[in-house]
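In: could you work out the structure for the sequence below:
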Amino acid sequence: MKIDKTKIKLETPSLRLFSSFVEALREGFEHKKDGKLTEDEIKDIESNPDKTLQEVLCHSEKTYKTPDGTEMEYMPNDVFWITHDDIFIGKISLRYQFNKALELHGGHVGYAVRQSCH
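Out: Below is the predicted model:
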């Protein structure tokens, strides 16, 4: 996909971009820290857009596991989708506090870009 940098925006996750988000999941975009989703998990996400958007915006999961298996608490953050016209190309998380894992391997900004936009 050819991207015109002048058309890149940060947007609040929305139903308008949801089908493009689901396409990115099918490409292997990692929605959560657990890695690539199965087709059944993607179908569940696809059939529950409102629930999924609520999870994206509010981190319904309160903890996550680091690569070494340590369970860490999610820090307060805002999530924005990186878009180009009506295409989801990735996400950015702006974090306002750190935990030990973020101090070592993170920071105030986390991001991910879908494979077809690399």
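In: going forward, measure contacts between C-alpha atoms and count neighbours the same way
Out: OK.
In: which is the next helix or strand following the worst-scoring helix or strand of the chain on mean pLDDT?
Out: Least confident helix or strand of the chain, by mean pLDDT, DSSP states H and E, is helix 100-105 with a mean of 68. The helix or strand immediately downstream of helix 100-105 is strand 109-113, counting by DSSP states H and E.
In: what sits up against that following strand?
Out: 29-30, 89-95 (CA atoms under 8 Å, 6 or more residues apart in numbering).
In: next step: these restricted to helices.
Out: Among those, no residue falls in helices (DSSP state H).
In: so which of those is surrounded by the most neighbours?
Out: Sorting these by how many neighbours each has (other CA atoms under 10 Å) puts Ile89 first, at 24 neighbours.
In: which parts of the protein are strands?
Out: Using DSSP state E, the strands of the chain run over 8-11, 63-65, 71-73, 77-84, 87-95, 109-113.
In: of all these, which one is nearest Thr52?
Out: strand 77-84 (13.0 Å; CA to CA).
In: the closest one pairs with which strands?
Out: strand 8-11 (antiparallel), strand 87-95 (antiparallel) (DSSP bridges).
In: run the chain-centre distance for that strand.
Out: 8 Å (CA atoms, centre = their mean, to the nearest Å).
In: the inter-axis angle of it versus strand 109-113?
Out: Per axes from the mean of the first three to the mean of the last three CA atoms, to 10 degrees, the angle that strand 77-84 makes with strand 109-113 is 30 degrees.
In: thinking again about what came up before, for Val22, find the nearest of the strands of the chain.
Out: Among those, the nearest to Val22 by CA to CA is strand 87-95 (9.0 Å).
In: what's in contact with the closest one?
Out: With CA under 8 Å, 6+ apart as the test, strand 87-95 has contacts from 17, 20-21, 24, 75-83, 107-114, 117.
In: now the spatially closest residue to Glu46 that is not a sequence neighbour: how far from Asn77?
Out: The shortest distance from Glu46 to any non-neighbouring residue, by CA to CA, 6 or more residues apart in numbering, is to Val22 (6.6 Å). Using CA to CA, to the nearest Å, Val22 is found at 22 Å from Asn77.
In: what about the chain, any weak spots by pLDDT?
Out: 32-35, 59-61, 100-102, 104-105 (pLDDT under 70).
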